[in-house]
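Coordinates for the following, if possible.
(chains A and B)
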Number of protein chains: 2
Amino acid sequence: MNSPHQHIHTDLPKDDSPILVEVWRGNMVESRHRAIAAVVDADGHVVKAWGDIEKPIYGRSSIKPLLAIPLVESGAADKYGLGDREIALACASHSGEPGHVDAVKAWLAKIGLDAGALECGPHYPYYEPAAHAMLRAGETPTRAHNNCSGKHTGFLTTALHLGDPIAGYIRYEHNVQQRLLGILEQMCGQNLGDVPRGIDGCGIPTIAIPVGHHALAMAKMADPKDLSPARAAASARILKAMSLEPWYVAGTGRFCTDVMRVTGTKAAIKTGAEGVYMGALPELGLGLCIKIEDGNGRGAEIVMGHLLRHFGIIDAAQAEQLQQSLQPTLRNWAGTEIGSIKPAPALSETAPF
Amino acid sequence: MNSPHQHIHTDLPKDDSPILVEVWRGNMVESRHRAIAAVVDADGHVVKAWGDIEKPIYGRSSIKPLLAIPLVESGAADKYGLGDREIALACASHSGEPGHVDAVKAWLAKIGLDAGALECGPHYPYYEPAAHAMLRAGETPTRAHNNCSGKHTGFLTTALHLGDPIAGYIRYEHNVQQRLLGILEQMCGQNLGDVPRGIDGCGIPTIAIPVGHHALAMAKMADPKDLSPARAAASARILKAMSLEPWYVAGTGRFCTDVMRVTGTKAAIKTGAEGVYMGALPELGLGLCIKIEDGNGRGAEIVMGHLLRHFGIIDAAQAEQLQQSLQPTLRNWAGTEIGSIKPAPALSETAPF
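Purely as a prediction, here's the structure:
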């Protein structure tokens, strides 16, 4: 297994996670989000960083673009005739809207399986109107409604193609997960055999990898010059699928979707639980990783939006169009404007645009 | 207006909010919550503190016990024959379960009004089975379902009793809110005319007051020795009502409810949005205020639970009974145990039990 240990280093102070996001109510900051953030190129050079980027974090769903690599690289996607929508779904934390669930079911049918083969737990759709419609119709969620059902279908597709048993594909010891561990080692430049690990919301392992090395993996996807031809092609195809089918990566009103609709192929971004966000910027050959110390996703979105603006992926006119994503106005139950969420000085002053 | 400015001071380092809570996944801390916390007596002596307790915060719903004072002190509660349940509801962020909504509607009927007089916005019940039952029945939420509907009904009751106009009772300039501002000034020992303020989720003003001074107000409710007889009696009655009817303060499975069911009249505790928690401990004459820097309520619960354990309000046997509240096990969608939330060393080592 090709897993050279690469070192990512910055001379920036690393004792802490600086406050990068402020939540305002009235004329006072009510809450604050601290974050570690790294912007890295494919050679591991740190272009921009806040906090201790050598600190290991769980990448959670933000690494789904990396987890989709075997699906494409192995030839499984081609064998089953998968298009951008399926590949985007393999990278998705989708909102469980009917279009997402139907596409997952159709894909499962293509490979001769159904939702019963998925090993993720069921939950109501994240998209509230879809959840409410199901409740009004007396329906209960299936495993296909799980926001990770596309990723799981990708795992099943790869397993079938490579002749792995499909049962137990979420377990750390299973070929599917061991293959992914090898890919993470190569892309992140870390030996991962003995690092801390946990179980993700959908049952698969989640592996502790430093923030900077997560950003490195994203940079290698964005600028695959040193990857094998098959991995380079898979990386490019995955990022393009996300950018071209952003609704399949998240859903209606979601930050990933709304931003990629505007940025197109300039950015592929992916949220993760507990305040993680990652992105790949193919035109600039950069990778991004953000971890909010406290795990709150609202903070990660603000940092991601600001960095995309800083690096010119979002221009001034687009920023206006994305105003409610980049600097959301907060409203109470009666619809009254009560505050906003915005970049804190440590972010806006060191990375102005 | 009797509002002597009191000074609360601690020599503890106050440059930061220390990490008091850790969220574990597998064998690594995944996220961390920083907090300011103060335990104060009715004379303003700081018994225990973490972080900068002189920092102003919005008390949000945690100050509802203070906001219920005029309802009792004015004689309005007695005039309309209100019992512990209504007074508990006046202090509640209830879950919108049928029992909560029915009690609010019955109370509104007692004062000759209906949910149309409430100026809070409607939202589905926090208690998921109640929300799902409404959706299955094709029902939409009313203002009575708003978690603050009891507090608002208390405001209306007081306004009617004192001859204030009822329309606009949520506005800063209205008699109801100005009366509450005076009570906050006296109880918190702060002049509040010029401090930052915002609008709360239910439309009423929320006022910036230092953490230590919020704790002082709670301590004065717990130990009302220096309050006027009417305010002392109101304070005691409010805390007792919360302790004796904890389901009406929050609801099924909620931290406030589950803990007060065990602690009885030893503690009256109240959660608030954006990671605020306050409590009054009548037997010890202490007040508590906690603010999680990032606004996450899961952190505030852990700090509150640990402090109650530390001060002996929860004993060892009760702690076992409350295990899932004090140190929750985290599970994923499939029900697999994936981690836990617990006090960080800065909390558990400086306040052991």
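
For chain A, give me the ranges with low pLDDT.
A:1-4, A:9-15 (pLDDT under 70).

where along it do the strands fall?
A:19-25, A:28-41, A:46-50, A:56-58, A:197-199, A:205-210, A:268-272, A:276-281, A:286-292, A:329-331, A:337-343 (DSSP state E).

Could you tell me how far A:Leu227 is located from A:Val40?
From A:Leu227 over to A:Val40 the distance is 15 Å, taken as Cβ to Cβ, to the nearest Å. Heads up, the C-betas are built off the backbone N, CA and C, glycines and all.

more crowded one of those two?
A:Val40 (29 against 20; other Cβ atoms under 10 Å in any protein chain shown).

separation between that one and A:Gln327?
Remark: distance between A:Val40 and A:Gln327 (Cβ to Cβ) = 26 Å.

go on, A:Glu337?
Distance, A:Glu337 to A:Gln327, using Cβ to Cβ: 13 Å.

Residues in contact with stretch A:72-81: which ones?
In this structure, residues lying in contact with stretch A:72-81 by Cβ atoms under 8 Å, 6 or more residues apart in numbering or on different chains are A:70-71, A:82, A:86-87, A:107, A:110-111, A:157-158, A:160-162, A:230-231, A:233-234, A:237-238.

what angle separates the longest helix seen in chain A from strand A:276-281?
Ordering each helix of chain A by length in residues (DSSP state H) puts helix A:229-244 first. Going by axes from the mean of the first three to the mean of the last three Cα atoms, to 10 degrees, helix A:229-244 is angled at 110 degrees with respect to strand A:276-281.

Contact partners for the closest residue to A:Gly99 other than its chain neighbours?
Leaving aside its chain neighbours, A:Gly99 sits nearest to A:Trp247 (7.5 Å; criterion: Cβ to Cβ, 6 or more residues apart in numbering or on different chains). Contact analysis of A:Trp247 by Cβ under 8 Å, 6+ apart lists A:99, A:257, A:261.

Filter these down to the buried ones.
Among the contacts of A:Trp247, those scoring as buried are A:99, A:257 (criterion: 16 or more other Cβ atoms under 10 Å in any protein chain shown).

Let me know the closest of the contacts of A:Trp247 to B:Trp50.
A:Thr257 (40.1 Å; Cβ to Cβ).

Verify the contact between that closest one and A:Glu245 for me.
No: look at A:Thr257 against A:Glu245 with Cβ atoms under 8 Å: they stay out of range, at 9.6 Å.

joint contacts of these two?
Counting by Cβ under 8 Å, 6+ apart, nothing touches both A:Thr257 and A:Glu245.

What residues does the stretch 101-250 of chain A have near chain B?
A:119-123, A:132, A:135-136, A:138, A:146, A:196-203, A:206, A:208 (Cβ under 8 Å from any Cβ of the partner chain).

Write a ChimeraX command that selects only the buried members of these.
A single ChimeraX command selects the buried members of these (16+ other Cβ under 10 Å):
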select /A:119,120,121,122,123,132,135,146,196,197,198,199,200,201,202,203,206,208
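
Counting only helices, which of the residues of the stretch 101-250 of chain A next to chain B make the cut?
Residues from these lying in helices, with DSSP H as the criterion: A:132, A:135-136.

follow-up on the earlier one: for the residue nearest to A:Gly99, give its distance to A:Lys291.
A:Trp247 is 26 Å from A:Lys291, by Cβ to Cβ.

Check A:Cys256 too.
17 Å.

of those two, who's got more company?
Neighbour totals were compared for A:Cys256 and A:Lys291, and A:Lys291 leads with 35 against 27 (other Cβ under 10 Å).

Thank you, goodbye.
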